[in-house]
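Peer 1: got a sequence here, can you model it:
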Amino acid sequence: MDAMTCPTTSPAGSVSEPVAENSPSNPSTALTSTPPRPQLFFVPTGVRGAQTVPRVSQMATRQIYERRFDEDVSTDDTITCPECEGTIRTNSAETICEDCGLVVDDQRIDHGPEWRTFDDYGRNNRERTGTPLSVRRHDRGLSSEVGRKCDANGNTLPGRKQEQLRRLRREHNRGRFQTKAERNLAEGLGEVQRIASTVDFPDSLCDQACQLFRSAQDADLLRGRSIEAMAAACVYGVCRCTGVSHTLTDVARLARVAQSRVQSSYTALNTQLGLPTKPLVPSVYVPRLASDLGCSNEIRQRARRLADQAENAGLINGVNPAGFAAACLYKASREQGRRVMQIAVADVANVSAATVRNHQNALDELAK
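Peer 2: This next block holds a predicted model:
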């Protein structure tokens, strides 16, 4: 029968060596047996009289987060490759074998909850996914927001907790921007969205304007220029690239700077980035001017045909397309029997009455 071993505790509270029951110090046993196997005992640190024992090193924080979420991680050792019994590694997309390269599994199914809530008031407004990435925000929408009055279940928080959230929100707003460039980017994107919403831009064009402002900042075009002027220039640049009928004067009127500064910023933007701008033709401005004047569909279609005829004849080279479109509308209105003043048409196109009159004379000569 093997000898029994047990630890003995000293008065100081430390654990001493185990004593065998059949050792010479214990005369009650005379039988001989194999020596007992040594055992390790963990002694509390700082206890007087404790023996030296091996310690377990604590894992550093950098070792815990040394892998990113999309890097390869090892799976259970019991799972091997069905082809070559090699090591299986899994990443965020698929499970592959390190030895033979066999794709064991891909498009893994997420067995977690499908519906989640992403706001304080949306207990009944659950979504499948979170907010997508957006170029309209300086952090692309990945930042956190501190709540105000309600918790995740929609319950109103007490006043003491709301005061704590107010302090947290204040500190959070202070730490949103790490550099001056991020602060300028956030201010510029906000100005772009303000101008884009005023000119009734759709979401796609607003995103293009925000991306253009990001490209301008990356090209260091903001140095020496105001953020408001560059934001207005980005909006006008998108209008020129997509063929939207908004003139530089229309966009500069909404900006908080002079039109000359917007023109200078747009020139630098077009020169440095090489924008794929399209030539402006009068037919693009006809629908917007006709809507502002309240013209009928017959007048609009007739003005569109006059603009196309003038374009084919080469009369629009070197002229203001908005002024020529106003002349087409004025001539079409006179042909349809509607009395409209030249000054009213010129004000809508932001040109002088003499410009409308000169272009009308050119249209009359073309009709002969």
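
Peer 1: and the residue lying closest to Leu280 once chain neighbours are set aside, what's its pLDDT?
Peer 2: Spatial nearest neighbour of Leu280, chain neighbours left out: Pro321 (4.4 Å); criterion: Cβ to Cβ, 6 or more residues apart in numbering. In short, each C-beta sits where N, CA and C put it, glycine included. Per-residue confidence (pLDDT) for Pro321: 89.

Peer 1: residue contacts, Gly188?
Peer 2: Counting by Cβ atoms under 8 Å, 6 or more residues apart in numbering, Gly188 touches 213, 217, 222, 227, 230-231.

Peer 1: narrow these to those in helices?
Peer 2: Secondary structure from DSSP state H places 213, 217, 227, 230-231 of those in helices.

Peer 1: circling back: the residue nearest to Leu280 is in contact with Pro282, isn't it?
Peer 2: Yes: under the criterion of Cβ atoms under 8 Å, Pro321 makes contact with Pro282 at 4.7 Å.

Peer 1: out of the two, which sits in the busier spot?
Peer 2: Neighbour comparison, Pro321 and Pro282: the larger count goes to Pro282, with 30 against 21 (by other Cβ atoms under 10 Å).

Peer 1: quick one: residues contacting the more buried one.
Peer 2: Counting by Cβ under 8 Å, 6+ apart, Pro282 has contacts 307, 310-311, 316, 321-322, 324-325, 328.

Peer 1: which one (most neighbours) among those?
Peer 2: Ala325 (34 neighbours).

Peer 1: the host helix or strand of it - contacts with which helices or strands?
Peer 2: Using DSSP states H and E, Ala325 sits in helix 321-335. Judged by 3 or more Cβ pairs under 8 Å, 6 or more residues apart in numbering; DSSP states H and E, the packing partners of helix 321-335 are helix 282-293, helix 297-313, helix 342-349, helix 353-367.

Peer 1: could the contacts of Pro282 go into CSV alongside distance to Asn297?
Peer 2: Output for the contacts of Pro282, formatted as CSV (distance: Cβ to Cβ, whole Å):
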residue, distance to Asn297
Ala307, 15
Ala310, 20
Glu311, 21
Ile316, 23
Pro321, 22
Ala322, 21
Phe324, 21
Ala325, 16
Cys328, 15
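
Peer 1: if we take the residues you listed, which one ends up nearest to Ala362?
Peer 2: Of all these, Ala310 has the smallest distance to Ala362: 7.4 Å, by Cβ to Cβ.

Peer 1: in contact with that closest one, which residues?
Peer 2: Listed by Cβ under 8 Å, 6+ apart, the contact set of Ala310 reads 282, 316, 324, 328, 362-363, 366.

Peer 1: still on that earlier bit, list buried residues within the contacts of Gly188.
Peer 2: 213, 217, 222, 227, 230-231 (16 or more other Cβ atoms under 10 Å).

Peer 1: correct me if wrong: Ala332 contacts Ile299.
Peer 2: Yes: using Cβ under 8 Å, Ala332 is in contact with Ile299, at 4.8 Å.

Peer 1: now do the contacts for the residue positioned nearest the centre of the chain.
Peer 2: Nearest to the geometric centre of the chain sits Arg140, at 2.0 Å (Cα atoms, centre = their mean). Applying Cβ under 8 Å, 6+ apart, we find Arg140 in contact with 133-134.

Peer 1: tell me the SS of it?
Peer 2: Per DSSP: H, G, I helix; E, B strand; the rest coil, the secondary structure class of Arg140 is coil.

Peer 1: next one, pLDDT for it please.
Peer 2: In this prediction, Arg140 carries a pLDDT score of 81.

Peer 1: Cys234 versus that one, what's the distance?
Peer 2: 17 Å (Cβ to Cβ, to the nearest Å).

Peer 1: can you list the domain ranges for the protein.
Peer 2: 1-56, 62-106, 180-273, 282-367 (automatic domain parsing).

Peer 1: from Leu289, how far off is the residue lying closest to Arg339 once chain neighbours are set aside?
Peer 2: Of all residues not flanking Arg339 in the chain, Ser333 sits nearest, at 7.8 Å (Cβ to Cβ, 6+ apart). Using Cβ to Cβ, one gets 11 Å for the distance from Ser333 to Leu289.

Peer 1: hmm, back to that, list the contacts for the residue nearest to Leu280?
Peer 2: 280-282, 284-285.

Peer 1: scan those residues and report the most crowded one.
Peer 2: Pro282 (30 neighbours).

Peer 1: report the buried residues of the helix or strand that Tyr236 is a member of.
Peer 2: Secondary structure assigned from DSSP H and E places Tyr236 in helix 227-242. Within helix 227-242, the residues scored as buried using 16+ other Cβ under 10 Å are 227-241.

Peer 1: what does stretch 218-228 give?
Peer 2: 221-222, 225-228.

Peer 1: pLDDT wise, what is Cys328 at?
Peer 2: Value for Cys328, per-residue pLDDT: 93.

Peer 1: likewise Arg169?
Peer 2: Listed pLDDT for Arg169 reads 89.

Peer 1: heads up, I number from 22, so please use that
Peer 2: In the new numbering, first residue 22, that becomes Arg190.

Peer 1: state the number of residues packed around the residue nearest to it when sequence neighbours are not counted.
Peer 2: Distances taken as Cβ to Cβ, 6+ apart place Val167 nearest to Arg190, at 4.1 Å, with adjacent residues excluded. A count of neighbours around Val167, defined by other Cβ under 10 Å, yields 14.

Peer 1: ditto for Asp224
Peer 2: Using other Cβ under 10 Å: Asp224 sits among 10 other residues.
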